[in-house]
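In: Generate a structure from the sequence data that follows.
(one chain, ligands or ions: 1)
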Amino acid sequence: MSIKAIKPIKADSPETTVSAVAENPASTELIQGIDTSAKPLTTEQLLAIIVSLQQENAKANAALANAILETTKPREVIKTKEQLAREANDKMFLEQAKELQKRQRETKALEQDLCDHIAGSLGETKDVHQRTSIVWHRTDAQVDIGICTTCGRQFHPEDKPDNQGHDYRYWRRKGSFNRISAAGVRQFMDPLKAQHDSYLRDQE
Ligand SMILES: [Zn+2]
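Out: Below you'll find the model as predicted:
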């Protein structure tokens, strides 16, 4: 819309009206809607309009600021049916895997309870000297830890007596079919802690 188009139109000025129509037909309606006979606004009225506009502006700014703040808030994630189904499936799979692991541990523990840890017990004849199938290793903390090559049971000084009534010392004293291996010797600030830490325990 040109400046000319918003000039107040006088009834006796057909030229201006024609010009406005030619430029923009919609502006004609607008211009015709203005009461051109009204008196000019007083300073007080103008000020009142300005104050009112400023108040509107302030409200709009506040609304915008709130809207911006809203965008920074964490939103709740809305999951699709597919995601929910996949999560349920994953959960079920995980539970089954845990159950399987639990049964495997139980089976292994049973095998270890039944094993006599005597060399050759998986073959046709056991060792005539009743030497154990335990492989011993002396750690750098000077702890002898053992593992049975038949059942995989581990031996450590902190062992409780097993279901055969034998403790660590019993198994350690028994002759082994295997030669002990050894790490070097290391000095520790806390030898007892180092001895305790030198053994990998099963995670419950
Ligand atoms: Zn064994």
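
In: Please make it C-alpha for all contacts and neighbour counts, starting now.
Out: Noted.

In: Leaving out chain neighbours, which residue sits closest to residue 157?
Out: residue 168 (5.7 Å; CA to CA, 6 or more residues apart in numbering).

In: Pull up the per-residue confidence for the residue of the chain found nearest the ion.
Out: Going by CA to the ion, the ion is nearest to residue 117 of the chain, at 3.6 Å. With respect to pLDDT, residue 117 scores 93.

In: how close does it sit to residue 134?
Out: Here the criterion is CA to CA, to the nearest Å. By it, residue 117 lies 7 Å from residue 134.

In: same thing with residue 177?
Out: Counting by CA to CA - residue 177 and residue 134 are separated by 7 Å.

In: got any residues that touch both of these two?
Out: When contacts are counted by CA atoms under 8 Å, 6 or more residues apart in numbering, the set common to residue 177 and residue 134 consists of residue 119.

In: mind listing what's buried in the helix or strand where residue 49 lies?
Out: If you go by DSSP states H and E, residue 49 is part of helix 43-72. Neighbour counts over helix 43-72 (16 or more other CA atoms under 10 Å) mark no residue as buried.

In: any idea of the mean pLDDT for that helix?
Out: 92.

In: next one: that helix to chain centre, how far?
Out: In terms of CA atoms, centre = their mean, to the nearest Å, the centre of helix 43-72 is set 43 Å apart from its chain centre.

In: just checking, residue 160 touches residue 154?
Out: No. Counting by CA atoms under 8 Å, residue 160 stays clear of residue 154, with 11.9 Å between them.

In: Comparing those two, which residue is more hemmed in?
Out: Each of residue 160 and residue 154 has its neighbours counted (other CA atoms under 10 Å); residue 154 has more, 18 against 12.

In: Enumerate every residue touching the more buried one.
Out: 145-148.

In: Quick one: neighbours of residue 169, just the number.
Out: Neighbours around residue 169, by other CA under 10 Å: 13.

In: Show the low-confidence segments of this protein, by residue range.
Out: 1-36, 201-204 (pLDDT under 70).

In: Check which residues of the longest helix seen in the chain are buried.
Out: Of all segments of type helix in the chain, defined using DSSP state H, the longest is helix 81-114. By 16+ other CA under 10 Å, the buried positions in helix 81-114 come out as residue 112.

In: Next one: it, is it in contact with the ion?
Out: No. Using CA under 5 Å from the ion, helix 81-114 never reaches the ion; the gap is at least 5.5 Å.

In: Which elements pack onto that helix?
Out: Taking 3 or more CA pairs under 8 Å, 6 or more residues apart in numbering; DSSP states H and E as contact, there are no helices or strands that helix 81-114 lies on.

In: Fine by me, thanks again.
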